[in-house]
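1. Sequence plus the predicted model coming up.
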Amino acid sequence: MILGAIGDDFTGSSDLGLTLANGGLRTTQYVGVPSKPADNEVEAGIVALKTRTMPVENAVKASLAAYRWLRDQGCQQILLKYCSTFDSRRDGNIGPVIEALIEEAGTSAPVIVCPAFPATGRTIYQGHLFVGDRLLSESGMEAHPLTPMVDPDIRRWLGHQTKSPVGHLTLDDIRNGKAREALVSETNSGRQIIVCDAISDCDLKALGKAAEGFPLITGGSGIAIGLPELLIGTTHSFASWRGEKGPALAIAGSCSKTTRTQIAYHRENGGAQRRIDVSALFDGQETVNDVINWAMAQTTLPLVYTSDDPQVIKNNQQKFGTEKSAQIVENFFAQLARAAVEAGFVRLITAGGETSGAVVEALEADTLEIGPTIAVGVPALRVSGRNLVLALKSGNFGAENFFTHAAQKLEET
Ligand SMILES: Nc1ncnc2c1ncn2[C@@H]1O[C@H](COP(=O)(O)OP(=O)(O)OP(=O)(O)O)[C@@H](O)[C@H]1O
Ligand SMILES: O=C(O)[C@@H](O)C(=O)CO
């Protein structure tokens, strides 16, 4: 294994997997830390965790376990992958995880922090994160159910999470070819963890090059754009993909604007859908059995969702508690996915990182093979060794017809 990655959620890990596989690295996504060594042919291994919203101590522990396993596979460089919208709480775990990995690696090299993903509109300029032409904090992410992003200055947000001061690499330094020098200078001035500007794929490639040989890098999937070429020189194509023709089910727990638009589109275009009310989960009126029976009776792609607008989410959180409402939704979807597979569904489409994590963990998959692109940042995936294919959609990814489009793509061979 040449490159190792630790993903803080499952959709993000498959997003990264797509970038690496499309770049020509033989890539495997692992569901949690594997208990055995990687197969010899794997060049890039991504350990997908569900740490994004975990308390610091648990996230650090899980990330260190992933790091050690990847290091034991011989990786030259290890990448910590978080969200392109830097999803974390003010007292979140990205900073502590980076600091723990630095200590574990025993490195004094610069560590870049760059969530930019220009293909999906995420850019960083002057240390501030934008989504399209809006600052992160005005993009809808300020109303995220678990990690409301209310400050677009990533240096400041990360600074709340780290013990040591956070540095900054400007776009000028990247574009003037001075990035490596500037990164080293920041580090020598006591700022080893450095938020880096990047507004285009060229900037990301230059940044990857500037960080060549640094044992630890961090970012969104964008940071990996230039890595396959840097690491293996030439790219090769290899993957053969086989879809599944059997029944499909879509599950959405993401409450992002994009997912809600996709749900509305599905409804307006005659797609079968069933809204799950969180209070009906608490009082036991909605059951997995009923939903599966309903799904099996549909003639169009059945979509089951809890997604709702920010005010409804807020009400649920006030009434039942934030963690408890997230937990009951995730447990329900986990059981639903398991029951769906038992009932013969072979294509599952999930929207939302936490939601996808809950579903994939419930399926007891060990590894996921990366297939072709469904949408930017969303690959088709096969659960290794099984007749089961998946699309794990990050909340904010995909066009409005995503659900039916993904179902079709998962069928193709
Ligand atoms: N109606 C609801 N009321 C309260 N919480 C909800 C409701 N529906 C979903 N949730 C919770 O909101 C969270 C949504 O997070 P999730 O990561 O799945 O989506 P996302 O953040 O939009 O996706 P991504 O992380 O890929 O950007 C989940 O924990 C889910 O259980
Ligand atoms: O980086 C992104 O936006 C995604 O890969 C993701 O992590 C969303 O959960």
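-> Looks like it arrived, so ask away. Numbers count the residues shown, from 1 in each chain. Ligands and ions are numbered 1, 2, ... in the order given.
2. that's a strand at residue 344, yeah?
-> No: counting by DSSP: H, G, I helix; E, B strand; the rest coil, residue 344 falls outside a strand, being coil.
3. Name all residues that make contact with it.
-> Contacts of residue 344 were listed using Cβ atoms under 8 Å, 6 or more residues apart in numbering, and they are 246-247. Where C-beta positions appear, they are placed from N, C-alpha and C, glycine not excepted.
4. Show me which residues of this protein are close to ligand 1?
-> 9, 11, 87, 144-146, 253-256, 278, 306-308, 313, 316-317, 325-326, 329-330, 352-355, 394-396 (Cβ under 6 Å from any ligand atom).
5. In the stretch 1-150 of the chain, which residue sits nearest ligand 1?
-> Closest contact between the stretch 1-150 of the chain and ligand 1, by Cβ to the nearest ligand atom, is at residue 145 (3.9 Å).
6. Tell me who's in contact with that residue.
-> Counting by Cβ under 8 Å, 6+ apart, residue 145 makes contact with 255, 313, 317, 322, 326.
7. just the buried members of these?
-> Buried members of the contacts of residue 145, scored by 16 or more other Cβ atoms under 10 Å, are 255, 313, 317, 326.
8. how close does the first one sit to residue 228?
-> Spelled out, that is residue 255. Separation of residue 255 from residue 228 (Cβ to Cβ, to the nearest Å) stands at 34 Å.
9. Show the contacting residues for residue 359.
-> Residues near residue 359 by Cβ under 8 Å, 6+ apart: 251, 333-334, 337, 348, 350.
10. farthest-separated two in those?
-> Spatial extent of the contacts of residue 359 (Cβ to Cβ) is set by the pair 334 and 348 at 11.7 Å.
11. Just want to know which of those two has more residues nearby.
-> It is residue 348, of residue 334 and residue 348, that has more neighbours when counted by other Cβ atoms under 10 Å, with 29 against 20.
12. Secondary structure element for that one, which one?
-> Per DSSP states H and E, residue 348 falls inside strand 347-351.
13. Would you point out which residue of the stretch 151-300 of the chain is nearest ligand 2?
-> For the stretch 151-300 of the chain, Cβ to the nearest ligand atom, closest residue to ligand 2: residue 220, 4.2 Å.
14. burial of that residue, as a residue count?
-> 27.
15. if we can go back for a sec, now intersect the residues of the chain next to ligand 1 with the helices, please.
-> 11, 278, 313, 316-317, 325-326, 329-330, 353-355 (DSSP state H).
16. nearest to residue 94, of those residues?
-> Within those, distances to residue 94 taken as Cβ to Cβ reach their minimum at residue 353, with 14.1 Å.
17. How many residues are close by the closest residue in space to that closest one that isn't next to it in sequence?
-> Nearest residue to residue 353, sequence neighbours excluded (Cβ to Cβ, 6 or more residues apart in numbering): residue 9, at 3.6 Å. The number of residues packed near residue 9 is 26, by other Cβ under 10 Å.
18. Find me the pLDDT at residue 233, would you?
-> We have a pLDDT of 79 for residue 233.
19. so who does residue 223 touch?
-> So residue 223 contacts 79, 112, 114, 116, 204, 207-208, 217 (Cβ under 8 Å, 6+ apart).
20. So it belongs to a helix, correct?
-> Yes: under three-state DSSP, residue 223 sits within a helix.
21. For it, give its distance to ligand 1.
-> According to Cβ to the nearest ligand atom, to the nearest Å, residue 223 stands 17 Å off from ligand 1.
22. wait, what's in contact with the nearest residue to residue 39 once chain neighbours are set aside?
-> Counting by Cβ to Cβ, 6+ apart, residue 39 lies nearest to residue 28, which is 7.5 Å off, once chain neighbours are set aside. Residues in contact with residue 28 (Cβ under 8 Å, 6+ apart) are 17, 38-39, 42, 44-46, 367-370.
23. What strands flank the longest strand seen in the chain, and is each parallel or antiparallel?
-> Assignment by DSSP state E gives strand 367-375 as the longest strand of the chain. Taking DSSP bridges as the criterion, strand 367-375 forms sheet pairs with strand 27-31 (antiparallel), strand 378-383 (antiparallel).
24. following the shortest one, which helix or strand comes up?
-> Going down the chain from strand 27-31, the next helix or strand is strand 44-48, by DSSP H and E.
25. Give the buried residues for that next one.
-> The neighbour-count check on strand 44-48 (16+ other Cβ under 10 Å) flags 44-48 as buried.
26. can you state the direction angle for the following helix or strand past it and strand 44-48?
-> Once the chain leaves strand 44-48, the next helix or strand it forms, by DSSP H and E, is helix 56-72. Here helix 56-72 points in a direction 160 degrees away from that of strand 44-48 (axes from the mean of the first three to the mean of the last three Cα atoms, to 10 degrees).
27. in this structure, which helix or strand is least confident?
-> Of all helical and strand segments in the chain, the minimum by mean pLDDT, DSSP states H and E falls on helix 227-232, at a mean of 91.
28. can you count the residues close to residue 148?
-> 15.
29. Just list the residues touching the closest residue to ligand 2 within the chain, thanks.
-> Ligand 2 sits closest to residue 12 of the chain, with a gap of 2.6 Å, by Cβ to the nearest ligand atom. Contact analysis of residue 12 by Cβ under 8 Å, 6+ apart lists 81-83, 220-221, 353, 394.
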